[in-house]
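Engineer: Got a predicted structure plus its sequence, pasted below:
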Amino acid sequence: MFLARVYIALKPTVNDPQGQTVLGSLRTLGFESAESVRVGKYIEVRVREPDRESAGRAVEDMCRRLLANPVIEQYRFDLEELP
């Protein structure tokens, strides 16, 4: 069993209106040092696969087919073997 921690973010060239809203709110609250904000997603998936390579392939496929939109998002993931 493996735990995949998936990090998804908009590609740098894609406008992030949610990030702009958060940045505006931070500045309204007095956090003037905030320069920019990009909002993303964090997903944990437990995967029952026999080895790390199989788990990595499965998670990669999940990201490409459902979890991330490859047109506007980029992703990465870490795998942790669970006892």
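Structural biologist: On my side now, so go ahead. As the structure is a prediction and not an experimental result, all values here were calculated from the model.
Engineer: From now on I want contacts and neighbour counts done on CA atoms only, so please keep to that.
Structural biologist: Noted.
Engineer: can you pull out the helices in the chain?
Structural biologist: Remark: helices assigned in the chain by DSSP state H are 17-28, 52-62.
Engineer: can you redo the ones you listed as TSV with mean pLDDT, mean neighbour count and distance to E44?
Structural biologist: Putting the helices of the chain into TSV (pLDDT from 0 to 100; neighbours: other CA atoms under 10 Å; distance: least, CA to CA, whole Å) gives the following:
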stretch	mean pLDDT	mean neighbour count	distance to E44
helix 17-28	98	14	22
helix 52-62	98	15	10
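Engineer: Which one, of those, ends up nearest to P70?
Structural biologist: Comparing those by their distance to P70 (CA to CA), the top pick is helix 52-62, with 11.7 Å.
Engineer: Please tell me I have it right and L82 contacts L3.
Structural biologist: Yes: with contacts counted by CA atoms under 8 Å, L82 reaches L3, the gap being 6.7 Å.
Engineer: Looking at these two, which one has more neighbours?
Structural biologist: Set L82 next to L3 and count neighbours by other CA atoms under 10 Å: L3 wins out with 18 against 10.
Engineer: Specify the beta-bridge partners of the more buried one.
Structural biologist: R46, E80 (DSSP bridges).
Engineer: residues touching it, list them.
Structural biologist: Taking CA atoms under 8 Å, 6 or more residues apart in numbering, we find L3 in contact with 44-47, 79-82.
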